[in-house]
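>>> no sequence on this one, just coordinates:
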């Protein structure tokens, strides 16, 4: 599944992400953008750690939030425990404490969960996560009241390299630093014997066992290391928001990291980063535009699973391979042809959904491109529906040609590389 | 004594409801190997369809039609969605149902509003069946139990006495062999998915007015149905039945027994540090999570479940 | 598409490159506006929007127009903090929220830190519904004002009612297993043992929130205990399901609640036998049934926001107090306004409300009422189209639910 890409290409991707991450905040002087970018970087580490299980070892977990949440709680307690002696340098090192908490949790829980792979692992991870979450109210001194625990990353005096961690932009640099360190280590891990054996255990556990590897040990080690990085991500989130709540441990958080990782692409190392960026942006930006964002998100997700099971990363890498082979030129007209009906179908669907939400919110009229639309008349609904149907019909009409061209290009691509 | 009887009845009633909820999923999970995350959404659809039909022509027509409609939706989902995703593996299938659950949860309030709908118990079934120690036992609960038992009997009949049932049973254990024998497994799968979702729909028709019909009712069922299927064991309707009753009893008795964790541990000779929060924890508090504890224990000690015929 | 979405779109576009603050007074409402919790957020937003519209029509807030900007917190504290950044980017100086205690705590904490780090861009947080007592006690802040009685004050009022109810002999406590639920159980026991030592606490159950499908075992336990009164802080489905099981088992005990009257509450318990459900709040429509202008306003609101109804008179009070404070301070600066709000007395539709200086906690009359059939007389109006409405059975003066505070406020 993991496409072994050449080293220069990997370096290129790392450099590109680094440049984008550094340039964006200075392009737009917006606190909001910086906090969204921080969120993306944190989720990227979390999703990368999740992919150590799903993508690299073939373990589907429904309880990864446990490690993330425990890392966050450990960090906030360390921060509060340090109190006034939390110098900026110590604060910068705190995510390591979160990582340690995730590591210890992995050492303990992994003993129970990694005995088996497959559905058994998935269900045990789900069960343990539910148990952990349900027992949080029993320990208010650890998990806090309704609001969780708050901390102050500026409690100590002084500065470190001129940084005090007060402004959001400074914490962003810190998050970015740890994100790159974690991602680098996780990438290095894929190149180690353990990383390679994990792939073997994912692809064919019987054979791996037969040639002398203890599959259970391999799963256990991967889970423990993945807990470490999830804990670091949790620690970063604790420093970024300065508040930790039990929500971070719940099934919803476990579900979103699964969605991010999968839509990004589990077969590529950077897939989860792409997924984290895409879904976080979708939540904050699309979520700011329309209250129907969850529905769009659900539909988008269904579409991804049905048509691009390799995730965004595999779509992009396919296209770039085609571009490199010079085959994109044959496909371009087909893409252009499909774009118009696809846009129409989207327009129709968005129109229907937005009108329905407006009606649900109690509005009688909605405005579209400056004109007011009366929602209690049939015409706008028929209009939007026919645009949608027209778009779909158009798509059906051009899709045959596109898929032929696509397969042809693909076979040429494979033919070109024996 | 009366109190014990009413508690026992409550526990059986709850267990039977859980069986209604999970029987369809057992069939689907056993045959397709897929945890259908949208199963509870079909339960919700059943309740809403039945409510809609009941506003036009009463409860009884809804009882008949709503499960069929839900089954139809289920078959469409299998035919146009899951079937295409299957070639990408189980994880993709599972995530597809995950996405479906999100979409259903947003679509239902679009149609029926965000508040709960007044889906009421029919007048014929209102009132108390009998009364024990001041606590009434409602007729509707008796009806619910009868329906659940009827469902078990009917399923058992279909699976053991009809041709299609025998093929399904065979597919539960040896899908490849059934295909090799020339049966149209994709069609059987579609029918089975439709049937399984129709059962969830039926549970919704009956559970919707026994409880509350509102857009988060699917989420509130949560993972409990998975727990039952896993504890009961793959491919075993009887296992699911047993697991349902067991979990029903576990949850009901943990509420009514009113003992603390400390008291339970004393029985096996352990003690907790006194005066900590842990020592004060009562079983009432832990009741809702006991099923998960049971599931984890079963998976560690006996991964095939109580009556499972094979491991997943 | 919808006007609302378009406005949100404009707001988001404006958020990307930082814009200088305009002359209007920008107010941010940060609530969960999508997903399963959207309904309560929408209702609250509609209340604020209605008041803002009315004020703009009558000359605005201290002469300035209000620009209301909604932000979707998705009911998550972390997401709410990201949205807070978007709000401060746009030059918002007033933030309103209330639907979730967790989010309120996060906002109060973050705004206090923001103000310490950005003294030239201070923000004031006005909280209209969240009831976690800690927000005006150990976690209080100069920059946070609460316009709702907190949970302990409501308990003080409920236990006062129990104290004077002669036939209340056995009380059963049931609640969610979260800090709020645990606190209700602890505080009720303490208060009752002081006020009415002869009342027996015959049961005290906490259950995992949102996890119980069938409350029948709890109800049979309540019946077996012989309880005549049940006190619960359950809300939403956990309350509706509890009452449903109670009805099925023909439970006779009265149920004292905090949230039966909040948005969606009455509609979800329309089946409850008349008189069983008792609720405590600062207002219900039958208290001010004779106030013709208010009635006209409410009718217009309900018409416009169907199926949501006008429920929160305190939001009206809050906007009125904000206006009064700005007029008094002759300034829009949050610090000056905060100082003016402190110790303010204000005449609302139900009489005097007072913002205590020590902890920024509102004090107002509380009404204990029963959910009964609409009769056109004492119960002139029903709630959420159920044919049932609230009938006042007891009035608790502000002074009688006043509690000492542990707040040690750091003033700028």
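Perfect, I can see it now. On a predicted model such as this, the values are computed, not experimentally measured, just so you know.
>>> wait, does the helix or strand residue C:54 falls within contact chain A?
Secondary structure assignment for residue C:54, by DSSP states H and E: helix C:38-57. Yes. Helix C:38-57 lies within reach of chain A by C-beta under 8 Å from any C-beta of the partner chain, at C:38, C:42. The way it works is simple: take the backbone N, C-alpha and C, and place the C-beta from them, glycine included.
>>> what does chain C put close to chain B?
So chain C meets chain B at C:36, C:38-39, C:177, C:205-208, C:210-214, C:216-221, C:223-224, C:237, C:240-241, C:244, C:248-251, C:264, C:267-268, C:270-271, C:307, C:384 (C-beta under 8 Å from any C-beta).
>>> gap between the helix holding residue C:54 and the chain center?
14 Å (C-alpha atoms, centre = their mean, to the nearest Å).
>>> what's the neighbour count on the residue nearest to residue C:411 when sequence neighbours are not counted?
Spatial nearest neighbour of residue C:411, excluding adjacent residues (C-beta to C-beta, 6 or more residues apart in numbering or on different chains): residue C:142 at 5.4 Å. Neighbourhood size, residue C:142 [other C-beta atoms under 10 Å in any protein chain shown]: 19.
>>> for residue C:142, list the residues it contacts.
C:112, C:338, C:360, C:409-412 (C-beta atoms under 8 Å, 6 or more residues apart in numbering or on different chains).
>>> same list, the residues you listed, but as JSON lines with pLDDT and secondary structure please.
What follows is the contacts of residue C:142, written out as JSON lines (pLDDT from 0 to 100; DSSP: H, G, I helix; E, B strand; the rest coil):
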{"residue": "C:112", "pLDDT": "94", "secondary structure": "helix"}
{"residue": "C:338", "pLDDT": "96", "secondary structure": "helix"}
{"residue": "C:360", "pLDDT": "95", "secondary structure": "coil"}
{"residue": "C:409", "pLDDT": "91", "secondary structure": "coil"}
{"residue": "C:410", "pLDDT": "88", "secondary structure": "coil"}
{"residue": "C:411", "pLDDT": "88", "secondary structure": "coil"}
{"residue": "C:412", "pLDDT": "83", "secondary structure": "coil"}
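>>> residues in contact with residue C:290?
Counting by C-beta under 8 Å, 6+ apart, residue C:290 has no contacts.
>>> correction: the previous question concerned residue B:205.
Residue B:205 neighbours (C-beta under 8 Å, 6+ apart): B:46-47, B:49-50, B:62-63, B:66-67.
>>> mind redoing it with 10 Å?
B:20, B:43, B:46-51, B:53-54, B:59, B:62-67, B:70, B:119, B:147 (C-beta atoms under 10 Å, 6 or more residues apart in numbering or on different chains).
>>> same deal with residue A:41?
So residue A:41 contacts A:17, A:21, A:172, A:174-180, A:182-183, A:233, A:236, A:240, A:273, A:276-277, A:280 (C-beta under 10 Å, 6+ apart).
>>> cutoff 6 Å now
A:175-176, A:179 (C-beta atoms under 6 Å, 6 or more residues apart in numbering or on different chains).
>>> how much space separates it from residue A:389?
Noted for residue A:41: a distance of 42 Å to residue A:389, by C-beta to C-beta, to the nearest Å.
>>> count the neighbours of residue A:192 for me.
10.
>>> just say helix, strand or coil for the residue nearest to residue C:411.
Following DSSP: H, G, I helix; E, B strand; the rest coil, residue C:142 is assigned to coil.
>>> for residue C:394, same thing?
strand.
>>> quick check: chain neighbours aside, which residue is closest to it?
Per C-beta to C-beta, 6+ apart, closest to residue C:394 is residue C:368, 4.1 Å.
>>> can you check my assumption that the one you found lies in a helix?
No. Using three-state DSSP, the assignment for residue C:368 is strand, not a helix.
>>> got a list of what it touches?
With the criterion set at C-beta under 6 Å, 6+ apart, residue C:368 makes contact with C:161, C:280, C:393-394.
>>> okay if I get those as TSV plus pLDDT and neighbour count?
As requested, the contacts of residue C:368 are exported to TSV (pLDDT from 0 to 100; neighbours: other C-beta atoms under 10 Å in any protein chain shown):
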residue	pLDDT	neighbour count
C:161	90	18
C:280	92	24
C:393	91	15
C:394	90	17
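>>> skipping its backbone neighbours, what lies nearest residue A:409 in space?
Nearest to residue A:409 is residue A:327, by C-beta to C-beta, 6+ apart, at 4.4 Å.
>>> neighbours of the one you found, just the number please.
Neighbour number of residue A:327 under other C-beta under 10 Å is 19.
>>> surely it and residue A:408 touch.
No. Residue A:327 is beyond contact range of residue A:408, at 8.7 Å (criterion: C-beta atoms under 6 Å).
>>> the residue nearest to residue C:394 and residue B:219, how far apart?
33 Å.
>>> same check on residue C:237?
10 Å.
>>> higher neighbour count, the two?
residue C:237 (22 against 17).
>>> now do the more buried one, the pLDDT please.
Residue C:237 is assigned 86 on the pLDDT scale.
>>> what backbone torsions are found at residue C:62?
Residue C:62 adopts backbone torsions of phi 50, psi 40, taken as degrees, to the nearest 10.
>>> quick one, what contacts residue 83?
Going with chain A. Contacts of residue A:83 (C-beta under 6 Å, 6+ apart): residue A:155.
>>> not quite, go with chain C.
Counting by C-beta under 6 Å, 6+ apart, residue C:83 has contacts C:30, C:71, C:73.
>>> so residue C:70 sits in a strand?
Yes. Residue state for residue C:70 (three-state DSSP) corresponds to a strand.
>>> give me the element the nearest residue to it once chain neighbours are set aside is part of.
Nearest residue to residue C:70, sequence neighbours excluded (C-beta to C-beta, 6+ apart): residue C:29, at 5.1 Å. Assessed by DSSP H and E, residue C:29 sits inside strand C:25-31.
>>> tell me the confidence at residue C:7?
For residue C:7, pLDDT reads 46.
>>> quick one: least confident helix or strand in chain B?
helix B:277-280 (a mean of 69; mean pLDDT, DSSP states H and E).
>>> next helix or strand past that one?
Assignment by DSSP H and E places the next element after helix B:277-280 at helix B:283-286.
>>> what packs against the helix or strand that that following helix is followed by?
Following helix B:283-286 in sequence order, the next helix or strand is helix B:290-301 (DSSP H and E). For helix B:290-301, the packing partners by 3 or more C-beta pairs under 6 Å, 6 or more residues apart in numbering or on different chains; DSSP states H and E come out as helix A:118-135, helix B:224-232, helix B:237-257.
>>> who in the stretch 51-200 of chain B is up against chain A?
B:85, B:88, B:91-92, B:95-96, B:99, B:102-103, B:106, B:110 (C-beta under 6 Å from any C-beta of the partner chain).
>>> and with 10 Å instead?
Within the stretch 51-200 of chain B, the positions near chain A by C-beta under 10 Å from any C-beta of the partner chain are B:80-82, B:84-85, B:87-107, B:109-114.
>>> does the closest residue to residue A:125 other than its chain neighbours count as helix, strand or coil?
Take residue A:125 and drop its neighbours on the chain: the residue closest to it by C-beta to C-beta, 6+ apart is residue A:63, 3.9 Å away. Under three-state DSSP, the three-state class of residue A:63 is coil.
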